[in-house]
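Visitor: no sequence for this one, just the structure:
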């Protein structure tokens, strides 16, 4: 019996690897510092999505842009109850309204939601 979590595997993933002793996070074979310095948001998303969706386009930008437009239609649901919440709480509530699924369109909507909803809530709260 072990007293700690040494050698305990909580989950296995192809997405990342943590080298705690060296203080490094590896995302799909790339050091996080390397990705942060050179990869666009769309490039990083494509790296994470690769291998999970057969219909993943080479250029994720247009598909992500379309998802942002689609998600923005949910901003109409902003009401006093949501605007009385913190931006993060309101964003989470709006995101919960989005459909669930394991297809690329759903993944793109869920990826687009935080930026779209948080900005909309902050703007609405500021008047």
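Guide: Structure received. Quick caveat: nothing in here was measured; it's all calculated off a predicted structure.
Visitor: pLDDT weak spots in this protein?
Guide: 1-3 (pLDDT under 70).
Visitor: just how off-centre is stretch 86-97 within its chain?
Guide: 14 Å (Cα atoms, centre = their mean, to the nearest Å).
Visitor: Identify all contacting residues around that stretch.
Guide: 74-75, 77-78, 82-83, 85, 110, 113-114, 117-118, 121-122, 125 (Cβ atoms under 8 Å, 6 or more residues apart in numbering). In this view, the C-beta of every residue, glycine as well, is placed from N, C-alpha and C.
Visitor: now do stretch 7-18
Guide: Against stretch 7-18 from outside (Cβ under 8 Å, 6+ apart): 2, 24-28, 48, 51.
Visitor: just to revisit the earlier point, for the contacts of stretch 86-97, which ChimeraX command selects only the ones that are buried?
Guide: Entered in ChimeraX, the line below selects the buried ones among the contacts of stretch 86-97, by 16 or more other Cβ atoms under 10 Å:
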select :74,78,82,110,113,117,118,121
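Visitor: Nice, that's everything, thank you.
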